[in-house]
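Novice: pasting a predicted model and its sequence here:
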Amino acid sequence: EAQVTQNPRYLITVTGKKLTVTCSQNMNHEYMSWYRQDPGLGLRQIYYSMNVEVTDKGDVPEGYKVSRKEKRNFPLILESPSPNQTSLYFCASSRTGLTSTDTQYFGPGTRLTVL
Amino acid sequence: SQQGEEDPQALSIQEGENATMNCSYKTSINNLQWYRQNSGRGLVHLILIRSNEREKHSGRLRVTLDTSKKSSSLLITASRAADTASYFCAETSGSRLTFGEGTQLTVNP
């Protein structure tokens, strides 16, 4: 089944404790992206990747890192989480980098709480 | 960057009625997409309209695009209780996808 998976689905952590949220897709997609969703702010793009070893900042990259060593995986790293990073996070992928016909497939979301 | 804006923010209708949601955007787009999200779940793509298209249909969905006004609308006809969800427009410009804040649609049985 074609899908985007994220782990963990729920995470409660404390300020400053490094964490990684994994994202994996099985559709051989080139483009992958991370979003955060907050009430009243909609979805905002954190980072995106056009292909292996190619990553770019989105709208709200501060406090986050990503890597794209393999095509299928695009982990989101919070080196020193802070309470303002409490949010619902979504990973997404698409066949290529958002051409005129590409659509994105979203993962189920990771609800992160930073105390 | 700037985000699109949906209107209304919330819409409550009876089953069988039509629901219309509007979206305004600010950039020059490659295309505009509409997504649906059930509470706390991932987004599901509904329909994509290219910048050179004016109207598109998919089942009970009808999307229009007016590039001169930088606006789009999503019409859901003959709504069902199962259509209750949040609906987001997303503008694609280059390799970036920018979402609006969404419209919460409630369809009452």
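Specialist: All right, it came through fine.
Novice: going forward, measure contacts between C-alpha atoms and count neighbours the same way
Specialist: OK.
Novice: go ahead and confirm B:Val44 touches B:Arg36.
Specialist: Yes - with the criterion set as Cα atoms under 8 Å, B:Val44 and B:Arg36 qualify as a contacting pair; they are 5.2 Å apart.
Novice: contacts for the longest strand seen in chain A?
Specialist: If each strand of chain A is counted by residues according to DSSP state E, the longest one is strand A:42-51. Residues external to strand A:42-51 that are found in contact with it (Cα atoms under 8 Å, 6 or more residues apart in numbering or on different chains): A:30-37, A:55-61, A:64, A:66, A:68, A:71, A:96-97, B:97-102.
Novice: what is the neighbour count of A:Tyr48?
Specialist: When counting by other Cα atoms under 10 Å in any protein chain shown, one arrives at 28 neighbours for A:Tyr48.
Novice: for chain B, which residues score under the pLDDT cut-off?
Specialist: Counting by pLDDT under 70, chain B shows low-confidence ranges at B:1-4.
Novice: what sits against the one residue in it that gets nearest to chain A?
Specialist: Sorted by distance to chain A under Cα to the nearest Cα, the residues of chain B start with B:Glu101, at 4.1 Å. Contacts here follow Cα under 8 Å, 6+ apart; on that basis B:Glu101 touches A:40-43, B:3-6, B:9, B:88.
Novice: can you do 10 Å?
Specialist: Residues near B:Glu101 by Cα atoms under 10 Å, 6 or more residues apart in numbering or on different chains: A:37-44, B:3-7, B:9, B:23, B:86-90.
Novice: how about B:Ser28?
Specialist: In this structure, B:Ser28 makes contact with B:51, B:67, B:70, B:91-94, judged by Cα under 10 Å, 6+ apart.
Novice: show the buried residues in these.
Specialist: Burial by neighbour count, judged by 16 or more other Cα atoms under 10 Å in any protein chain shown, picks out B:51, B:67, B:91-93 from these.
Novice: from those, which are also near chain A?
Specialist: B:51, B:92-93 (Cα under 10 Å from any Cα of the partner chain).
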